[in-house]
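Trainee: sequence first, then the predicted structure:
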Amino acid sequence: MTIASGLPVATRRSSDLSKHSAEVFAEAEDHPVTVTRRDGEALVLMSQREAEGRARLLNFAAQLITVTLDDRGSLAERMSKAFPWMLALSPADRESCAQDLVDAARASFSTDQTHLAIAELTSWKETATAIAAGLSNGSAGLEWLDGDETVERP
């Protein structure tokens, strides 16, 4: 199993699981590990977080494929059907969101880094949720920070 282009693939023998299980498990917490067996097909050992991230990415990919197969409306309009929370965004933000999600998905698929697309999806969904809850640039009592500002610890 290839983790990403140019990165080495971690491979262990099945006997390593019995002789050095803590080491193999620690390695699998960081990245998937291919476990080779003499008597059967190789298996992949990975964290539940990694497996769930891959499942979320596949689900997101299925939604994007559905969006791209529809030829009615702009990308943002089609994506708003698949992701109704986008309707809380302004039309301009829907356009930005749609393009950002496609770009993040392409980056995730090409680098096998599931977190890129999932983080972008989560960020836009949380933004839409905040807007729907009445939080916006014009909300009284809120101070918005610029991208380069840092917040000191309390």
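Mentor: Noted; the coordinates are in hand.
Trainee: okay, which residue is most central for this structure?
Mentor: The residue lying closest to the centre of the chain (Cα atoms, centre = their mean) is residue 118, at 2.2 Å.
Trainee: if I look at the closest residue to that residue other than its chain neighbours, how far off is residue 44?
Mentor: Leaving out its chain neighbours, the residue that sits closest to residue 118 by Cβ to Cβ, 6 or more residues apart in numbering is residue 56, at 5.4 Å. Backbone N, C-alpha and C define where each C-beta goes, glycine included. Residue 56 sits 18 Å away from residue 44 when distances are taken as Cβ to Cβ, to the nearest Å.
Trainee: if I read this right, the residue nearest to the centre of the chain contacts residue 55, doesn't it?
Mentor: No. Contact between residue 118 and residue 55 fails when scored by Cβ atoms under 8 Å: they sit 10.4 Å apart.
Trainee: how far off centre is the helix or strand bottoming out on mean pLDDT in the chain?
Mentor: For the chain, scoring each helix and strand by mean pLDDT, DSSP states H and E identifies helix 14-19 as the least confident one, at a mean of 88. Averaging C-alpha positions (Cα atoms, centre = their mean, to the nearest Å) puts helix 14-19 32 Å from its chain's average.
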